[in-house]
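K.L.:
just to be clear, the model below is a prediction. Sequence and coordinates:
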Amino acid sequence: MRIILDYPFDEADQTPLSDAARVNRLRRDGVNAPTLVWLPHFFSPQKSAQLGRLLKIQYLLERDRLADYAGTMSEENRVKVRHQLQAQRDNLESQLSAALRQLYGIAQAEESTVGKEVGDDGHVLSLQAGHKPRLAGGAGFEYNALALADGLFDSLYPKHPDFDPSGNRKAITLGDLRTVLGWITRAMEDGQRRVVVDRAQLALVKRIVHPLELGEVSDGPLNVSTEWRRRIEQAARQHGATGDYRIEEIRSWIEDLGYTGWDKAVGNLVIATYALLADRAWVLHGSPLREPPELDKIGPGHALRAQELPSADDFATARRRAATLFGLHVPETLFTRNVNRLADEVREKAAGLEGAGAGVRRALERHAAALGIDGRPDAPRVTSGRDAADLLARLTAMRDSTGLVQELTAAGYGTSDEVLAAAISSAPAVLAALERVEWTLLDSVRKFTGRGDPVGNQAESLVDDLAAAAAADQFTRDLVPVLEGLGRRAVALVNEAARLAAVPTPAPRDPIVEPAGEPGGEEAATVARRERTGGRTRIRASAVEQELARLVAELDGGIRAYAKEHPAVEFDVTWTVVGDDGAGEDTTG
């Protein structure tokens, strides 16, 4: 759009009628353009002389030129002359400003002001066919310029929304449009198309919603209208559109309805509202979007897609299971955006945990013997781990949102959702703990079981405790602290066994023959006993020859096996003389 403002003077042989004739000639030649030509009367000779005098005074006052032209005057006189010129300048500017309002047709013209007059066509001519502009008498230049622009826009775009009914000329910003879309989205969350707007934003919402015919705003509630859904879908049927509605198609349908001249973001607000009303999903180049695009980002490549939805019961079940299994919560209304949001969030969670879930299942199978669950495929931890890994893999593989919701609804296991949730959420921590276990150390501990001594008892307690924790599901017992404490307990136990193995073992007791008549007297036998007192192994000096080689061999094998896996460990091997001369009686404790 253009507004051409002509000067109130011209060459001597020209008049305002000449300019008006040129505009009319363009009209006859078929020129049709959003252009206004604002023609003034010409200055009268008296006003032209005043204009000339004003220009001379301004020239003298600028850049201290007065000092150059009045160099012979005293400083005092030059100051007086400057003040006189400034007063004349202000007076002339006031008179000529008033004259210009008369010449341009926004004030009553005086005979002393006007020289050559405009014709009967008036001061403002339009090259836009069918548009007849009018000036607002008594108003200033700025008001009339804006009013002329408004009038031309109304002629070009008769259905353009008026966002400025109060005339304060405050522009609508992209942030304002986003705020309104936020309230419309909230109104659609429960399917009621109604929301109570915060009082601080009520005027803004009303200012945008009403002109765009998106709904009604009263003293508090916003009620979203379905009119734009009816208009767009009617246009789609008329154009035979099926499948995805491309954004550029929707824009053309809106323009065909006469809604033209909109800023792109304003049109996008209407399209985004339609997407909510029609419950259509956003796609970009054929791929579904997790979130709707920003208003200023909607453009070529975007489209709106009608999506098959799951049943209300399936959606409710999927929401409940998503909350239990993954801690996810989405609105309960069965809308496309809610289905997509649920599917996207579940898929993201499942994809992030799938690797750890599969890792736990494989680790349990690989270390079943060491954990004490070998041959127990029905152990709660084994079954829950297997079920969790299967569910995560199935959910991650689902690309279709409705299909994922249905998969989540139908996936049934013998494991409860609470147990599955514990297995899923703990998978990374359990896998990390399993990977940190030194399994050879655990094998060393198992060798001490069945000895019947304190070390053997501790080894059996450790192995049994580990087997119980490994068999139980994660919901019942957390395996992580058991695995984390396993290394410390095993190292302590192996060190104690090594220390005790270094202490001499008592020799077998000399043959004892019980007197006749005493219990067992007739079946007297030679008894060789090794007694363990206070955690130490004792042997008689007389039995060193037959016991020492065995003890050293046993100690050597244990130390070598442990040292191979723990090269930085040091061993303390000691032996102690018990009693004075080993007179022959074992000490029992």
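P.N.:
Cool, got the structure.

K.L.:
what helix or strand does A149 sit in?
P.N.:
A149 is part of helix 141-156 when elements are defined by DSSP states H and E.

K.L.:
next: T383.
P.N.:
Secondary structure (DSSP H and E) places T383 in helix 380-397.

K.L.:
tell me where the stretch 201-350 of the chain has strands.
P.N.:
Ranges of strands within the stretch 201-350 of the chain are 215-217, 221-224, 245-246, 281-284, 287-288, 302-305, based on DSSP state E, counting those that start in this stretch.

K.L.:
who does the first one pair up with?
P.N.:
Its sheet considered, strand 215-217 pairs with strand 221-224 (antiparallel) by DSSP bridges.

K.L.:
ok, and what's touching the strand it pairs with?
P.N.:
The list of residues contacting strand 221-224 from outside it, by Cβ atoms under 8 Å, 6 or more residues apart in numbering, reads 183-184, 187-188, 193-197, 205, 209, 214-217, 273, 276-277. Heads up, the C-betas are built off the backbone N, CA and C, glycines and all.

K.L.:
inside helices: which ones of those residues?
P.N.:
Members of the contacts of strand 221-224 lying in helices (criterion: DSSP state H): W183, I184, A187, M188, V205, V209, T273, L276, L277.

K.L.:
any buried residues in the helix holding T383, and which?
P.N.:
380-389, 391-392, 394-396 (16 or more other Cβ atoms under 10 Å).

K.L.:
got the angle for the top helix by length along the chain vs helix 380-397?
P.N.:
If you go by DSSP H, the chain has its longest helix at helix 336-366. Using axes from the mean of the first three to the mean of the last three Cα atoms, to 10 degrees, one finds that helix 336-366 and helix 380-397 are set 140 degrees apart in direction.

K.L.:
so where does L36 fall, helix or strand?
P.N.:
Per DSSP H and E: strand 35-38 holds L36.

K.L.:
packing partners of the next helix or strand along the chain from that strand?
P.N.:
Using DSSP H and E, the helix or strand that follows strand 35-38 towards the C-terminus is helix 45-61. Helices and strands touching helix 45-61, as assessed by 3 or more Cβ pairs under 8 Å, 6 or more residues apart in numbering; DSSP states H and E, comprise helix 65-69, helix 75-103.

K.L.:
next secondary structure element downstream of the last one?
P.N.:
Following the chain from helix 75-103 toward its C-terminal end, the next helix or strand by DSSP H and E is strand 124-126.

K.L.:
returning to what we had before: centre of the chain to the helix holding A149, how far?
P.N.:
The chain centre lies 44 Å from the centre of helix 141-156; the measure is Cα atoms, centre = their mean, to the nearest Å.

K.L.:
and for stretch 271-282?
P.N.:
On Cα atoms, centre = their mean, the centre of stretch 271-282 falls 20 Å from the chain's centre.

K.L.:
next: stretch 244-263.
P.N.:
Taking Cα atoms, centre = their mean, one finds the center of stretch 244-263 at 30 Å from the center of the full chain.

K.L.:
and that stretch, which residues are buried?
P.N.:
Neighbour-count burial for stretch 244-263 [16+ other Cβ under 10 Å]: D244, Y245, R246, I247, E249, I250, R251, W253, I254, Y259, W262.

K.L.:
and if you look at stretch 364-381?
P.N.:
For stretch 364-381, by 16+ other Cβ under 10 Å, it's L364, H367, A368, A370, L371, G372, I373, R376, A379, P380, R381.

K.L.:
next up, the contacts around the residue lying closest to H123 once chain neighbours are set aside.
P.N.:
Closest residue in space to H123, ignoring its immediate chain neighbours: G105 at 3.6 Å, by Cβ to Cβ, 6 or more residues apart in numbering. Neighbour list for G105: P40, H41, V118, G122, H123, V124, L135, G137 [criterion: Cβ under 8 Å, 6+ apart].
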